[in-house]
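Novice: using only what follows, build the 3D model:
(one chain, ligands or ions: 1)
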Amino acid sequence: MDGVSMPENQFPRAGRLPLPLPSGRFVQRSIARACRQTLQTESEPAVSAPKNPGSRRRLESQRETQRALQRELRQGLMQPVAQISPKFFYDERGCALFEQITRLPEYYPTRTEDAIMARYEQAMVEAMAPCQVLIELGAGNCEKVRRLCRSLAPRQFVGVDIAADFLARSVQRLEQDFAPMAARAVAADFTQDWALPADVPRAGRLLFYPGSSIGNFDPDQAQRMLARMRGLLGDDGALLIGIDLPKPREVLIAAYDDAQGVTAAFNSNALQHVNSVLGSDFDLQDWAHEARFDTSCSRVEMHLRALRPVIVGWPQGLRQFAEGETIHTENSYKYPLGEFLGMLSRAGFDRKRVWTDAQNWYAVIHAHA
Ligand code: AVI
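Specialist: Numbers count the residues shown, from 1 in each chain. Alright, predicted model coming up:
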C-alpha cells in the first residue's frame, strides 16, 4: 500500500503484546547526557558546593537523577533475566555508534523513512497543510524536520527533547535557516506526563515523531504515549509518525547484527556506560552481542551473552552470571500496520493516511485528530 489512504479496518488485529523494556532513543540520549553532567558534578569535592540557591537546587536534582539511574540499574541487574534499559546505550560513544548504524547497508529504517518522505513529499504536504505549529518530539539535532519546515512553512516550530542545551543550539540554527519561522526549544521528557507551554497556539498543530522510536517502547507504554500526543492536539491537529513494519527474519537480524559489528559495539558499549554510572566492573571482553527475533511478540531483542562464568560487582552488590546467561538490553517492536492503526484509533486519532516503501518495510502515517 504505497502512498494510499486506507481505512484501518482493512487490517487484521494482532493479539496484545507482552511487556518489554522501556524508553525511546531521544529520551535515552538525553538522559545519558544528564547523567554525564551529573557524574561530573558528583566527582567534584563536597567543599565546593555552590552557594547560589539555584545552582544548589540544580546540583541536588542532578544527584537525584543519578541516584534514580543507579537504583534502576541495580533493580534491572537483579531481575531473573537481567535487564539494562536501552537508554544506557546513549552516552557520547553510543550516540556516535548509533549515527554509524543509521548509515549501515543492513540498517534499512533510516534510509527507508527518508526515501518515503522524499517520494511522497507533495502528497504529505497536501494531507498536512495548513500547519501553523510544527512540533517535533525528540527533536535532537532537528535534522529530520528540515524537509517539513521547507515544504509546510509553519509559522512556528517547537522542538521537544530532554537535552536542553543540545536542543537549544539546534533550534537556534533552524530558526536562522528558516526565517521568518519562529522556533523554540522545550526541554521535557515527553515520554512522561508533560505539557507544552501555554502560549504555543493550539490551532493547526502537527506533531512529528520520526525514526520508529515508538517501537522501543512496550505496547502499553506506546499506547499511553499516543493518547498523550492526541491530548496535545485540537480537532484540527495531526500526528506524523514513522513505524517499522514486520519483515523477513533474516532482514531484521542483519539490521541488528551487522557484518561490521557496529551494532555489537553499540550494545557492548552500554556496559561501559553502566560501569560509569553505577561503578560496576563489567569487562566487555566477557560479553557477546546477540540479536533475536521473537515472532510471537513481533520484536527484535538485543541481548549480551556471557561468554564464560562472570561475577559482576558494584557498590553494595554483585551478580553471578553463568556462561550463556544474557542481559536483555533492547526491544524493537515491528508493529503490523493494522495493529498500529488500531492503537492510533484507540488513542483518539481519526482519519489516517499511510505511505510505505515498495517492499512494505516501513510506514509513515499521518493521523488526523
Ligand atoms: C532508536 N531505535 C529506533 C533503534 C531501533 O532500530 O530500534 C535503536 C537501535 N538498536 C539497534 N540498532 C538500532
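Novice: can you list the residues of the stretch 101-250 of the chain near the ligand?
Specialist: 101, 109, 211, 212, 213, 215, 216 (C-beta under 6 Å from any ligand atom). Every residue, glycine included, has its C-beta placed from N, CA and C.
Novice: among these, which two are most distant?
Specialist: The span of these, defined through C-beta to C-beta, is set by 101 and 215 at 14.5 Å.
Novice: low pLDDT regions in this protein?
Specialist: Scanning the chain for pLDDT under 70 picks out 1-49.
Novice: I'd like the next helix or strand past the lengthiest helix in it.
Specialist: For the chain, the helix that runs over the most residues, judged by DSSP state H, is helix 53-77. Next along the chain after helix 53-77, taking DSSP states H and E as the criterion, comes strand 82-83.
Novice: show me what that following strand is packed up against.
Specialist: Where contact means 3 or more C-beta pairs under 8 Å, 6 or more residues apart in numbering; DSSP states H and E, strand 82-83 is packed against helix 53-77, strand 326-333.
Novice: now for the ones you listed, which one comes closest to the ligand?
Specialist: strand 326-333 (3.3 Å; C-beta to the nearest ligand atom).
Novice: same question for the helix or strand following that closest one: list its buried residues.
Specialist: Tracing the chain past strand 326-333, the next element assigned as helix or strand by DSSP H and E is helix 337-346. Using 16 or more other C-beta atoms under 10 Å as the test for burial, helix 337-346 gives 337, 338, 339, 340, 341, 342, 343, 344.
Novice: cool, and stretch 253-263?
Specialist: For stretch 253-263, burial by neighbour count (16+ other C-beta under 10 Å) applies to 254, 255, 256, 257, 258, 262, 263.
Novice: same question, stretch 96-107
Specialist: Those would be 97, 98, 101, 104, 106, 107, for stretch 96-107 by 16+ other C-beta under 10 Å.
Novice: same check, this time on stretch 276-294
Specialist: Across stretch 276-294, burial judged by 16+ other C-beta under 10 Å covers 277, 278, 280, 282, 286, 287, 288, 289, 290, 291, 292, 293.
Novice: do I have it right that the first one meets residue 73?
Specialist: Yes - Residue 277 is in contact with residue 73 according to C-beta atoms under 8 Å; the separation is 6.5 Å.
Novice: list the residues that contact both of the two?
Specialist: Common contacts of residue 277 and residue 73 (C-beta atoms under 8 Å, 6 or more residues apart in numbering): residue 88.
Novice: buried stuff in stretch 313-326?
Specialist: Neighbour-count burial for stretch 313-326 flags 314, 319, 321, 325, 326 (criterion: 16+ other C-beta under 10 Å).
Novice: ok, residues contacting it?
Specialist: 73-74, 77-78, 81-82, 278-281, 290, 303-312, 327.
Novice: can you get me the start-to-end distance on it?
Specialist: 16 Å (C-alpha to C-alpha, to the nearest Å).
Novice: how about stretch 151-171?
Specialist: By C-alpha to C-alpha, the extent of stretch 151-171 from end to end equals 18 Å.
Novice: rewinding a little: now the residues of the stretch 101-250 of the chain next to the ligand in JSON lines, with secondary structure and distance to residue 58?
Specialist: Shown next, in JSON lines, are these (DSSP: H, G, I helix; E, B strand; the rest coil; distance: C-beta to C-beta, whole Å):
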{"residue": "101", "secondary structure": "helix", "distance to residue 58": "33"}
{"residue": "109", "secondary structure": "helix", "distance to residue 58": "36"}
{"residue": "211", "secondary structure": "coil", "distance to residue 58": "30"}
{"residue": "212", "secondary structure": "coil", "distance to residue 58": "34"}
{"residue": "213", "secondary structure": "helix", "distance to residue 58": "28"}
{"residue": "215", "secondary structure": "helix", "distance to residue 58": "33"}
{"residue": "216", "secondary structure": "helix", "distance to residue 58": "29"}
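Novice: closest one of the residues you listed to residue 151?
Specialist: residue 211 (18.7 Å).
Novice: which SS class is the residue lying closest to residue 160 once chain neighbours are set aside?
Specialist: The spatial neighbour of residue 160 that comes closest, neighbours along the chain excluded (C-beta to C-beta, 6 or more residues apart in numbering), is residue 186 at 4.8 Å. Look at residue 186: counting by DSSP: H, G, I helix; E, B strand; the rest coil, its state is strand.
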